[in-house]
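**Q** Sequence and computational prediction follow.
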Amino acid sequence: MDLIVFRYLHSWVGKYLWMDSFVIFKAEYLGWWVLGGLGVFLIASAYFRKDIKKASRMVIIALSAGILSRFVFTEAIRFFYNRPRPFEVLNDIYQLVVHSGGGSFPSGHAAFFFALAAGVFIFYRWWGVLFFAFAVSISAGRVIVGIHWPSDILAGAIIGIASAYLVYYIFSIYQKKTGQG
């Protein structure tokens with residue numbers, strides 16, 4: 001099933017220059033825009049005197065979950081399981097993005113951006129849905145350009161979302177114990 005979905009998504013590569021450029025943007029650069037959007041969200045909350053405390057907690061939890069999922073959980077799994085990337089095992093891959101081999105499972109990008117999205121969603125549902133759409137777009141782009149399998153993305157998404165709820169739970173316990181909640 002992994003190969004079938006990968007082949008379908010990757011079949012769009014190399015047909016139109018504008019589409020390749022768009023997919024490269026999603027896979028490589030959209031994430032920076034999403035991080036910038038998180039910063040703008042915090043600044044706008046302060047500027048418009050919205051609930052800055054809630055927005056600050058959201059940013060702290062989202063970023064903490066992203067870092068935990070990407071640099072702890074994902075790397076721990078990769079230490080024990082070094083899955084090759086699609087361009088390493090398939091001969092007919094038109095690779096749009098240069099990437100080193102190995103360490104495909106789970107996707108670090110998916111883990112990080114789904115953790116961010118879940119962290120936002122916990123506090124602001126509508127904005128969280130938008131961040132989830134960005135996470136899906138970034139992750140799909142990583143499959144389309146040939147550097148991840150769909151199951152890498154699915155595992156990264158699960159790790160990211162679980163990390164956000166874990167971090168939120170830990171922060172909630174901490175706030176109750178210190179009387180901040």
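**A** Cool, the structure landed. Numbering: from 1, shown residues only.
**Q** For Q95, which residues are in contact?
**A** By Cβ atoms under 8 Å, 6 or more residues apart in numbering, the residues touching Q95 are 87, 145-147. In short, each C-beta sits where N, CA and C put it, glycine included.
**Q** 10 Å instead, please
**A** By Cβ atoms under 10 Å, 6 or more residues apart in numbering, Q95 lies in contact with 10, 13, 85-87, 145-147.
**Q** secondary structure class for it?
**A** Three-state call for Q95 (DSSP: H, G, I helix; E, B strand; the rest coil): coil.
**Q** quick one: low-confidence parts of the protein?
**A** For the chain, the stretches flagged by pLDDT under 70 are 181.
**Q** spatially speaking, which residue is in the middle of it?
**A** Nearest residue to the geometric centre of the chain (Cα atoms, centre = their mean): F113, 2.2 Å.
**Q** Am I right that that one is in contact with W32?
**A** No - the criterion here is Cβ atoms under 10 Å, and F113 misses it with W32 at 11.1 Å.
**Q** At which residues are the helices of the chain located?
**A** For the chain, the helices defined by DSSP state H occupy 2-10, 17-24, 30-47, 52-68, 74-80, 86-89, 108-123, 125-144, 150-178.
**Q** Could you check how far the fourth one is from the centre of its chain?
**A** Same thing as helix 52-68. The chain centroid and the centroid of helix 52-68 are separated by 15 Å, computed with Cα atoms, centre = their mean, to the nearest Å.
**Q** Okay, buried residues for that helix please.
**A** 55, 57-59, 61-66, 68 (16 or more other Cβ atoms under 10 Å).
**Q** And the fifth one, by the same measure?
**A** Across helix 74-80, burial judged by 16+ other Cβ under 10 Å covers 74, 77-78.
**Q** of those, closest to F171?
**A** T74 (20.9 Å; Cβ to Cβ).
**Q** ok, now which ones touch that closest one?
**A** 68, 103, 105-112, 152, 155-156, 159-160, 163.
**Q** rewinding a little: ok, the residue nearest to the centre of the chain - contacts?
**A** Shown in contact with F113 (Cβ under 10 Å, 6+ apart): 30-31, 34-35, 66, 69-70, 107, 131-132, 134-139, 156-157, 160.
**Q** cool, and I159?
**A** Residues in contact with I159, defined by Cβ under 10 Å, 6+ apart, are 65, 68-70, 72-74, 77, 106-108, 110-112, 114-115.
**Q** from those residues, which two are the most distant?
**A** A65 and I77 (16.3 Å).
**Q** nearest spatial neighbour of L30, skipping sequence neighbours?
**A** Leaving aside its chain neighbours, L30 sits nearest to I138 (5.2 Å; criterion: Cβ to Cβ, 6 or more residues apart in numbering).
**Q** burial count for the one you found?
**A** I138: 26 surrounding residues under other Cβ atoms under 10 Å.
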